[in-house]
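Peer 1: return atomic coordinates for the entry below.
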Amino acid sequence: TACEMKKKDVIKALASIAEIATAEVKKSGVFTLPGLCRIKTRKKPATKAGKKEIFGKVCVVKAKPARTIVKAFPVAALKKEF
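Peer 2: The predicted structure is shown next:
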């Protein structure tokens, strides 16, 4: 291992970070792990039922309720590495 920590300790640390991230995203809608990623939420509006044309065919679409979407975005420094 690179940091010479036991697996049990790493699992506890990651679990605590996940707990903090969950609480922070629920509270403010954004959480950033510096140098790694940014977790954001956004409201997706409700969709009405009806007919939509998909690839030239008419499909019946069910109505869907509004919901909150959670997404993680990599930090720019991480993107430049690949």
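Peer 1: beta partners for the residue nearest to the spatial centre of the chain?
Peer 2: Centroid check for the chain by Cα atoms, centre = their mean gives residue 71 as the closest residue, at 2.3 Å. For residue 71, the beta-bridge partners are residue 40 (DSSP bridges).
Peer 1: looking at it, it is touching residue 38, isn't it?
Peer 2: No: the criterion here is Cβ atoms under 8 Å, and residue 71 misses it with residue 38 at 9.1 Å. Just so you know, the C-beta spots here come from the backbone N, C-alpha and C atoms, and that holds for glycine as well.
Peer 1: where do the strands sit along the protein?
Peer 2: Remark: strands assigned in the chain by DSSP state E are 30-33, 37-44, 50-54, 57-61, 67-74.
Peer 1: what does the helix or strand of the chain with the lowest mean pLDDT rub up against?
Peer 2: For the chain, using mean pLDDT, DSSP states H and E, the weakest element among its helices and strands is helix 76-80, scoring a mean of 85. Helix 76-80 is contacted from outside by 35, 36, 37, using Cβ atoms under 8 Å, 6 or more residues apart in numbering.
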